[in-house]
Structures are given as structure tokens and as C-alpha cells.
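Novice: Mind looking at a prediction? Sequence and model below.
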There are 2 protein chains.
Amino acid sequence: MNTQKRRKATQIDIARLAGVSQSTVSLVLNEDPSRSQIPAATRERVMDAVRELGYTANPAARSLKGGRNRLLGLYTFETVFPLDQRDFYYPFLAGVEEETAERGYDLVLFTSAGYDQGRGVYAGDVNRLKVADGCVLLGRHIRRDDLERLVAEDFPVVFVGRRHVEGGALSFVAADYAAATRDVVLRLAALGHRRLLYLAAGDQSEPSQDRASGYQEGLAEAGVTSDERIIEPDGLTADRLVGWLADGVTAIVVEPTEDDRVAVALQEAAASARVGIPEDVSVALLGDPPTWSASPRDWAGFSIPRTEMARAAVDMLINLLDGQAEQRTLFLPCPQVTGDSIAPARVRP
Amino acid sequence: MNTQKRRKATQIDIARLAGVSQSTVSLVLNEDPSRSQIPAATRERVMDAVRELGYTANPAARSLKGGRNRLLGLYTFETVFPLDQRDFYYPFLAGVEEETAERGYDLVLFTSAGYDQGRGVYAGDVNRLKVADGCVLLGRHIRRDDLERLVAEDFPVVFVGRRHVEGGALSFVAADYAAATRDVVLRLAALGHRRLLYLAAGDQSEPSQDRASGYQEGLAEAGVTSDERIIEPDGLTADRLVGWLADGVTAIVVEPTEDDRVAVALQEAAASARVGIPEDVSVALLGDPPTWSASPRDWAGFSIPRTEMARAAVDMLINLLDGQAEQRTLFLPCPQVTGDSIAPARVRP
DNA sequence: CACTGTTACTGGTACGTATTAGGAAGATCC
DNA sequence: GGATCTTCCTAATACGTACCAGTAACAGTG
């Protein structure tokens, strides 16, 4: 049946069998059949040979010729499949995968797993990502130096999320946290809240900055003058919650953290202090709610269009590759979520 | 700073910059540094040039030449990130990713997304997988023809799960469903059950076959002669359940399906018929329980070592690549799960 | 019959890498 | 001072494909 040597059939084998040249085989296989220069008879002969030998083109050779791989990279600064954070990453991954597939590319997964063993972006001064035509970047705990170096090398790269780099030329697709946060503040103001509390994560990442500036913007716009801004790492106790309410706070705006511990702690504090949400205090979440919470609820706030961000990033990357654009930044709107955790401010006695 | 022309640097560029030949560059990059023929001085010069130009090997050229990419493929016959099945696939993906990363490979994700648009393994006669050194395969709804073609081409491939192919030479890492199912039957027999009901999915996939044969084996070994084997697509009603019990069935063995509808339907039927599990009937699940069930419970049965399977598959694939083995099949044991859904058979009145 | 045009192909080369065979220069030995 | 051996490097080639330039054969035209 088959030859002993299991070498793969090449166009040359086809050519020999069909009694034509390799060039002719290539033409038959690639030329548009409708307006071809190859007559039907020859075409048939070649295709018969193709079928007989079970020929399939070698993509390596093909892309070697074309200069492109049709491979897109996905580099994550954290492990791609962290079981405890799957809900956070899943939509991003799904979006990247879908868009990549639709565009006819394949995806190379890079992880910084084993960074200490030299498996970051640069493995021994060599940029691993370069096996791909370009790369989508993702992750909360980024390495600034890696990013800067990538940008300096100007390897085509798009970050999912706003990230700033000294050189200044990092393309990204981000969620418009500023606008969404401002809108949350306006919603609360419209409900009569005049004294807000902002529970921030306390880091200086770009997403935090964007939310903070949107918050300020909202305060100014709504004419809400009173404002407490508190960085709360852990000690979010029932006592403190009660204290804030006594101070006149009627609504709390919570920035989500990686493990959502602030939101969860707040919920627990409220429960143990018998403070009703939203009866006694309104709570808005600046992002998606924790899905793994023991007592899930329908938080008001906004949601992050993760899948769309990822798809847009892939789209942008491919445009970069095609030379359609130099460097771009794109902000996607975050839909407001109505939820049931905010209510009109109670008239103070 | 950077060249205007954004062509990727090649070994020839390095060679020119370092004042050596392309061959020398290749030697420096590939030769084992310890016992190399290239003196340290030259080596340094070349490496400096490599760093300066940010050179990375072109994987297409490399694999065209027959060399290695350090890229492993992961081909899934379904989309990799289907949100509704995430719990099924997640452990596999995690296992593949971990093992791949640990071995110093990167992962290329191939998806059949848009199979209808001609994006299977063979997109227009091109075996896309070939950009990788080898490939791990995964999925429930496989395409036999694609598999056969892959095996015929003898591209290095390992399936996660037992799959049979006409040619007969498909390597795989599978869960030992037969042994695990036999053990489940023996457990039930030890509890005094003499009349079992087997709810099978009704397809002829290899996993189904393995479970079925293990079931028969268990029956024979335990001397349980009475046995009902029923294919139940949908109409699993409370009435039928009651009927089975009236017939003397004391235990039900359920084969999991993709959407776990059989298990869920059984649970609902039992609830509405006020049949207690395990008081009135014991139920064992031949696989992991549905995680998204409305009323989750601790099913007895066995669990599928998904992550281990995936890791073992990657390991096997790398061994194949290194020429350590020709073709291998490996069965991993499935740990029995005690659960609370089985109990001693009630003595019949 | 010389001419132009068309049809149906083929030769040759480039893509970037790995590898083999071998060459030039110097060192070592007698 | 030749012979032999090392050391360090290069030329050449192969991998499989795509595509350009070209050619041989033949048909049509005047």
C-alpha cells in the first residue's frame, strides 16, 4: 500500500506522477480555477495524483515563502489557566481565541510561568514572542521592563487593558473605567446621595487611576462635595462600617480587587452589623461582581466588556500587522448594571 | 534608534553585523556551548549582534528544515473555551499548559472553530498542525477522517482519551474507564445489590464502549446475573423510575453525558417521585458529577484524572519527538469516589 | 511566409535555517 | 621543512513552496 519510508508527499512527487513540473502543480493548486491558464485535462491529471498520494501542503514552507506565520501570540503575565481566577480570565481568553480563529490565525500561548527560571518574555535575551507575527498581552502583574523592551524593539503588540510605557507607544484596548465610574457617581447623586465613600484597592495601576479620575470627575459634575476616600487593605470591620454611616455616608463605591476581598468583606461586615444593602447604605461595584461569593447578589455598578476587549485587541493587532495603522489606543464603554444594591438616599433624621 | 524597515532580522543580518558567515551564526546558536568548536570571542560577537538586532529564529524555516520549534500543538475538536463546558475542559487545558511550560515548550492552540468554513485539521489541503513539532489532540466530537489522515501522515500526535483509528497506530493517554466501572459494579454488589440498571448515553464512542465492557466484566465477576441495560435519551420520567424499582432494580449506574442531562433528569425524576437516593435506590456515576447542577450532591462513582491525563499526554508526545518510543497507549486509573448516593440494598419484602 | 498572439507549460530563484564537507591558517612533531 | 593535526571558520546544499520570467509550440493574420 504505502511506501516504507513514510516521507510526506511533496509537490515534486505529484509532479513526477502526473508527468508535469513542480511549478505546474503549484499553479494547479493555487490558481483560481475559473480563469486559469491550466487546461482541464492537466488539472485533472494533477488532482488525481494529489489524491492518490494524499498530498497536503507543508505550511512551514508556505509561510516561509510568505514571510508570515499566521500565528498570533498570547502572552499572559500570569498563568493562563489559574484555577482560582478562571472567571476573571475566561472571557478574555474566549475573545482572543474566537477572533483569532475567525481571522484564520492560530494562537501561540506564552506564559511567564517560571519567570525565575528565565521564562519571561525574554529567555536569555531572546524574545520568545517573535515566533508569532504579533502578540496580545494580558495580565494584572505586568513587568514594566519587559513591556518597555518590547515596545522599544517595536514588535507588534497590543495590550488588553490600558498600560502606560515610558516610550509611550504601546497600543492597547481598554475598558473606559473613567467614564463608567463617573456615570456610577452620577447615578448615586441622582438618587440623592451627597456623601460617598470610595473603597479603593490601593495600587497605582492604570485601571485604578482611571477609576479614581472618573470618580473625581463624577463628584465635580454632580456637585457632590463631601467625599471620603479610603484605602482599605483588610480591616474592613462591622464597627468601621457603622462609624462611616454615623458620619453621614449613604453610599459606598467599591473598586474590585483581584480576589474581590473588599467587596466580600464589606458584605460580611454589613451582615454582621445588620446594616441593610441597599436599605441602610447603597453599594456600587466598579466592575463585575465576584462569582464565587458564598452569598452572591446582584450588585449595581458596571460590567467590563472582556470578550469584546479581547476581540478588539486581536483585530487591532492584525491591523497593525497589515500596516493599516501605526499605534492605536481604544476605549470600550462599560455597560452600567442596574442591580439591586443601590436605592434612594434616606433622608437623614 | 530602529530601522525604518520592519523586516525581521535573520541570521544573515547577524552574520553581516558580526562579520562572520551565516553558518557560523547558526552554529553559535545551536551548538552545545560546552564542547563547541566556536571560540568564546566569536561567540560573544555573534551573541552581541543577536541581542542588538533582537533576533529570533523563524519557526517556519526551522521546521521546514526538519529542526525543532519547541512548539507543541493543542488541537481541540471543539472550541477550546466554550463557556458552557468550561468545567469539563479546564483541567485538560491546565494540565497541558503546565506540563508544556515545565518542559520548556510553548503551546500553539488550534481550534476547529468554523469547521464549516474549512478550518479543520486540513484547511484547504494544508495540515495546519505542522507548524508545531507535535500535537496533543482533545475533544469529544472527533472527525475520524481527520484523525485517520493525521495518523497516515504520521505526524507525531497523542490523543487525550482512547480513540481507535483504522490504521491502528494512534497514541493516546486514556482513563481506565473499564476498570473503574468494574469496580463500581463490584462495590454495588458488595452492598448486596443484585439487580442493576445501566443508563448509557447511547453513542458508540470509545469511552462508552470501555465503560460498557467494564460493566459486563463487573457483572460477571460479581455473579450479578440480573441486569437491565437501557438507552435513555430523554424520556426519563418519574413513572419509569418507579416502574424500574417495582421491577426489583435497587441500584442505577449512570454514564455521564456531555451535558449531564441523564444524571440531572434522574435526580429530578427521583425528586418528583419521592424516591430517595440512596434510601430507595443507589445511584453511581461513571465519571465526575455535573458541577453546574441546581442541586449539587456528592455522587458516588469515580473521578476522571483529567489534569494527569493531559500532563501524561504531553510527556508522551515529547518522548515520541525525542524518538524514545514509537507508539504508545497509556491507561490511568480513575480514583473511586465514595460519595453518599449509594447504600446497602434494601431487603425486599 | 514572416508576424504577432496565445496557450501551456517549465526553469530558476527566493524564503531562513541546519548541516555537512571541507579549506585556510597556524601549531606540533620528527 | 615537510607531514600531520587542530582550530576556526565558510561554501554549498537541502528543506517545500510560490511565483516571475521565459520558451516552445501552435494558431491566426496579412
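Specialist: Sure, I can see it. Numbers count the residues shown, from 1 in each chain, chains lettered A, B, ... in the order given.

Novice: Let me see the mean pLDDT of stretch A:198-207.
Specialist: What stretch A:198-207 shows for mean pLDDT is 84.

Novice: How far away from the center of its chain is that stretch?
Specialist: 19 Å (C-alpha atoms, centre = their mean, to the nearest Å).

Novice: Show the end-to-end separation of that stretch, please.
Specialist: End-to-end span of stretch A:198-207 (C-alpha to C-alpha, to the nearest Å): 15 Å.

Novice: which of the residues in that stretch are buried?
Specialist: A:198, A:199, A:200, A:201, A:205, A:206, A:207 (16 or more other C-beta atoms under 10 Å in any protein chain shown). In this view, the C-beta of every residue, glycine as well, is placed from N, C-alpha and C.

Novice: now stretch A:157-167
Specialist: Neighbour counts over stretch A:157-167 (16+ other C-beta under 10 Å) mark A:157, A:158, A:159, A:160, A:161, A:162, A:163, A:165 as buried.

Novice: Now render those residues as a markdown table, adding distance to residue B:263, secondary structure and pLDDT.
Specialist: Formatted as a markdown table, these follow (distance: C-beta to C-beta, whole Å; DSSP: H, G, I helix; E, B strand; the rest coil; pLDDT from 0 to 100):
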| residue | distance to residue B:263 | secondary structure | pLDDT |
| --- | --- | --- | --- |
| A:157 | 45 | strand | 91 |
| A:158 | 43 | strand | 95 |
| A:159 | 43 | strand | 96 |
| A:160 | 37 | strand | 96 |
| A:161 | 40 | coil | 94 |
| A:162 | 45 | coil | 94 |
| A:163 | 45 | coil | 92 |
| A:165 | 51 | coil | 88 |
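
Novice: nearest to residue B:222, of those?
Specialist: Of all the buried residues of stretch A:157-167, residue A:160 has the smallest distance to residue B:222: 55.4 Å, by C-beta to C-beta.

Novice: I'd like to know how far residue A:244 sits from DNA strand D.
Specialist: 68 Å (C-beta to the nearest atom of the strand, to the nearest Å).

Novice: From residue A:250, how far off is that residue?
Specialist: 10 Å (C-beta to C-beta, to the nearest Å).

Novice: More neighbours: those two, which one.
Specialist: The residue with more neighbours, out of residue A:244 and residue A:250, is residue A:250; 24 against 19, by other C-beta atoms under 10 Å in any protein chain shown.

Novice: So what's the predicted local confidence for the more buried one?
Specialist: On the pLDDT scale, residue A:250 gets 92.

Novice: shouldn't it be in contact with residue A:344?
Specialist: No: at 9.4 Å, residue A:250 and residue A:344 do not qualify as touching, with contact defined as C-beta atoms under 8 Å.

Novice: Quick check: neighbours shared by these two?
Specialist: residue A:192 (C-beta atoms under 8 Å, 6 or more residues apart in numbering or on different chains).

Novice: near chain B, which residues of the stretch 201-349 of chain A show up?
Specialist: Contact residues, the stretch 201-349 of chain A versus chain B (C-beta under 8 Å from any C-beta of the partner chain): none.

Novice: where does the stretch 201-349 of chain A dip in pLDDT?
Specialist: For the stretch 201-349 of chain A, the stretches with pLDDT under 70 are A:225-234, A:292-294, A:347-349.

Novice: As a check, name the ranges of all strands in it.
Specialist: With DSSP state E, counting those that start in this stretch as the criterion, the stretch 201-349 of chain A has strands at A:226-231, A:251-254, A:282-285, A:300-302, A:329-332, A:336-337.

Novice: Among those strands, single out whichever gets nearest to DNA strand C.
Specialist: Closest to DNA strand C of the strands of the stretch 201-349 of chain A is strand A:329-332 (C-beta to the nearest atom of the strand; 30.3 Å).

Novice: contact partners of that closest one?
Specialist: Residues outside strand A:329-332 that contact it (C-beta under 8 Å, 6+ apart) are A:162, A:171-176, A:179, A:305, A:308-309, A:312, A:316.

Novice: circling back to that earlier point, would you format the strands of the stretch 201-349 of chain A as CSV with distance to residue A:212 included?
Specialist: Shown next, in CSV, are the strands of the stretch 201-349 of chain A (distance: least, C-beta to C-beta, whole Å):
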stretch, distance to residue A:212
strand A:226-231, 8
strand A:251-254, 11
strand A:282-285, 15
strand A:300-302, 15
strand A:329-332, 16
strand A:336-337, 19
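
Novice: ok, residue A:102 to residue A:325 distance?
Specialist: Taking C-beta to C-beta, one finds residue A:102 at 19 Å from residue A:325.
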